[in-house]
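In: predicted model and sequence below, questions to follow.
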Amino acid sequence: MSTDNMNEILESYSRRLFLQRTALFSGMLALGSGSYLLNPRGAWAADPIKVGFALDLTGPISVQGLPCANVAKMLVEDINAKGGVLGRPLQMFLEDTATNEAIAVTRVSKLVQKDNVDVMIGGITSSMRNAIKDTIVNRGKKLYLYPQLYEGKECTANLFCTGPTPAQQCDTFVPWLMKNTGKKFYFTGADYIWPHTLNAYAKNVVEKNGGEVVGEEYSPVDQVEYGATVRKIMANNTDVVFTTLIPPGLPVFVKQLYEAGFMKRGGRVASVLYDESTMTISSPAETEGLASCLDYFRAVDDPFSKQLFEKYTAMFGTKNPLSAAGGSTGTYRAVKLWEAAAKEAGSVARDAVAAALDHAKISEGPGGGAEMVPGTRHVKMNMYTAVAKGGKFDIVDKSNGAVAPGECMKS
């Protein structure tokens, strides 16, 4: 791929992030040093409930953090318009973790200690979650909800996960890939905990079903040259490239596979990080036939999901869509499940809310309702397999009801 083409991709990526930030920060008070505040409108008789969000609004992962912040803002305003929680308004405290764990710890400490938030939601990568969770849960004694799809194995008390797990994304998706594409898999990923652990789970499913892993490679998050990897993929007659790369490297890697003729010869890219949000930074030709498995796609045919998408788009536009892969659907579940738990508990105290959150459920949400599996601090949810066609995703398989997360089960 030429330098001009690579620069075009990165410039498009930067323009998109600029538009996202403009929509998000409208109406929010900038406090300096990556801190933002959304105060409740109108007069309230009770003090606000402080809800803290720690998300990457700048840096390589901001393409995922910004839609999460948008969903948070939308829900806070909506909940307040309907009377708040327990008669109290929500006050949104937002910190930019900047795709930098050292910065994140400092800013999360501010939320926990100085702002004294009642609950924390956020973190994008698993390494970010691991960096900030002690500050929140152990030292800060706060409830923490992590909204991203992730590699599993997080069983910390008072830390609840509301995104898909490996079992939910791989157990039916990998066999579908083998049936509909082929049995020779090549794994690529960014070099941090989520790609390594998720790929290990997926590889095990491949091998249990009679498939073959012909290669595996990891690279820095911001790498944008994959020529050597692509040549190995082509030389190994790979059927499926299962990639856990993330932007900005992900669309560049897919483009280089396309230019090498991988898709033309019948190969398929599988990425559980591709949805309509990620599709906007790749051309339709480059993603034709790409398969993904997530808790929500825009093609999900239920009235609430469509209504939610329309409301979100009216507020934030089409350049930063509601995104399962970016964690904004998990952010929706985190806020709404916490709201349901607080109302049941009649309090926002950590222990009371945690006890109610253990079995909390919502009847509606992006992709359908969801509920916590008691004793696991993980969510049971619907899952969908979709294939890219003409720049959009068509759903080709749907789970038979909500899928269990397969995490933190007692033996």
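Out: Here it is on my side, so go on.
In: what about residue 238, how many residues nearby?
Out: Residue 238 has 24 neighbours, counted by other C-beta atoms under 10 Å. Quick note: C-beta positions are derived from backbone N, CA and C, even for glycine.
In: touching, it and residue 188? I think so.
Out: No: judged on C-beta atoms under 8 Å, residue 238 makes no contact with residue 188 at a distance of 10.4 Å.
In: against residue 162, how distant is the closest residue to residue 91 other than its chain neighbours?
Out: Spatial nearest neighbour of residue 91, chain neighbours left out: residue 48 (3.8 Å); criterion: C-beta to C-beta, 6 or more residues apart in numbering. Separation of residue 48 from residue 162 (C-beta to C-beta, to the nearest Å): 23 Å.
In: for residue 175, same thing?
Out: Relative to residue 162, and taking C-beta to C-beta, residue 175 is found at 26 Å.
In: give the helix, strand or coil label for residue 232.
Out: helix (DSSP: H, G, I helix; E, B strand; the rest coil).
In: next, the contact list for it, please.
Out: Neighbouring residues of residue 232 by C-beta atoms under 8 Å, 6 or more residues apart in numbering: 186, 215, 217.
In: cutoff 10 Å now
Out: Listed by C-beta atoms under 10 Å, 6 or more residues apart in numbering, the contact partners of residue 232 are 186, 188, 214-215, 217, 226, 238.
In: go on, residue 60?
Out: Contacts of residue 60 were listed using C-beta under 10 Å, 6+ apart, and they are 13, 98-99, 124-125, 190, 220-222, 246-249.
In: quick one: it from residue 247, how far?
Out: For residue 60, the distance to residue 247 - C-beta to C-beta - is 7 Å.
In: ok, now residue 34?
Out: 20 Å.
In: neighbour count winner among the two?
Out: residue 247 (27 against 18).
In: mind checking the SS state of residue 31?
Out: The local conformation at residue 31, judged by three-state DSSP, is strand.
In: before we move on, what about residue 53?
Out: strand.
In: was I right about it contacting residue 91?
Out: No: shown here, residue 53 and residue 91 do not form a contact pair, counting by C-beta atoms under 10 Å, at 11.4 Å.
In: now for the nearest residue to residue 304 once chain neighbours are set aside: which residues touch it?
Out: Nearest residue to residue 304, sequence neighbours excluded (C-beta to C-beta, 6+ apart): residue 364, at 4.3 Å. Neighbouring residues of residue 364 by C-beta under 10 Å, 6+ apart: 302-305, 307-308, 336, 370.
In: save those as JSON lines, and put in distance to residue 273 too.
Out: Shown next, in JSON lines, are the contacts of residue 364 (distance: C-beta to C-beta, whole Å):
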{"residue": "302", "distance to residue 273": "23"}
{"residue": "303", "distance to residue 273": "27"}
{"residue": "304", "distance to residue 273": "24"}
{"residue": "305", "distance to residue 273": "20"}
{"residue": "307", "distance to residue 273": "26"}
{"residue": "308", "distance to residue 273": "21"}
{"residue": "336", "distance to residue 273": "23"}
{"residue": "370", "distance to residue 273": "20"}
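In: what's the PyMOL line that selects buried ones from the residues you listed?
Out: Selection of the buried residues among the contacts of residue 364 in PyMOL, burial being defined by 16 or more other C-beta atoms under 10 Å:
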select buried, resi 305+308+336+370
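In: going by distance to residue 378, which of the contacts of residue 364 wins?
Out: residue 370 (10.4 Å; C-beta to C-beta).
In: which residues in the stretch 1-150 of the chain form strands?
Out: 29-32, 35-38, 49-55, 90-96, 119-122, 143-146 (DSSP state E, counting those that start in this stretch).
In: to residue 104, which of those strands lies closest?
Out: Of all these, strand 49-55 comes closest under C-beta to C-beta, at 6.4 Å.
In: and the angle for the closest one with strand 90-96?
Out: Strand 49-55 and strand 90-96 meet at an angle of 20 degrees, taking axes from the mean of the first three to the mean of the last three C-alpha atoms, to 10 degrees as the criterion.
In: let me know the average pLDDT across strand 49-55.
Out: Strand 49-55 carries an average pLDDT of 98.
In: tell me the secondary structure at residue 311.
Out: Applying three-state DSSP: residue 311 is helix.
In: cool, and residue 251?
Out: Under three-state DSSP, residue 251 falls in the helix class.
In: from the chain's centroid, how far away is stretch 291-304?
Out: 14 Å (C-alpha atoms, centre = their mean, to the nearest Å).
In: who's residue 32 bridged to?
Out: For residue 32, the beta-bridge partners are residue 35 (DSSP bridges).
In: pLDDT score assigned to residue 1?
Out: 45.
In: nope, residue 281 is what I meant
Out: 79.
In: before we move on, what about residue 5?
Out: 52.
In: looking at the strands of the stretch 1-150 of the chain, which has the lowest confidence?
Out: Taking the mean pLDDT of those, strand 29-32 comes last: a mean of 90.
In: so which helix or strand takes in the residue nearest to residue 304?
Out: Assigned by DSSP states H and E, residue 364 belongs to no helix or strand.
In: where along the stretch 201-350 of the chain do the helices fall?
Out: 227-235, 249-259, 276-279, 284-287, 303-316, 328-345, 350-357 (DSSP state H, counting those that start in this stretch).
In: still on that earlier bit, which one, of the strands of the stretch 1-150 of the chain, ends up nearest to residue 379?
Out: strand 143-146 (10.1 Å).
In: packing partners for the closest one?
Out: Applying 3 or more C-beta pairs under 10 Å, 6 or more residues apart in numbering; DSSP states H and E, we find strand 143-146 packed against strand 119-122, helix 126-133, strand 159-161, helix 328-345, helix 350-357.
In: ok so, going back, so what sits against both of residue 238 and residue 188?
Out: By C-beta under 10 Å, 6+ apart, the residues touching both residue 238 and residue 188 are 215, 232, 257.
In: show me the contacts for the first one.
Out: Which is residue 215. Per C-beta under 10 Å, 6+ apart, neighbours of residue 215: 184-188, 229, 232-233, 235-236, 238, 241.
In: same thing but at 8 Å, please
Out: Applying C-beta under 8 Å, 6+ apart, the residues near residue 215 are 186-187, 232-233, 236, 238.
In: out of these, the closest to residue 344 would be?
Out: Distances from residue 344 to those, taken by C-beta to C-beta, are shortest for residue 187, at 42.4 Å.
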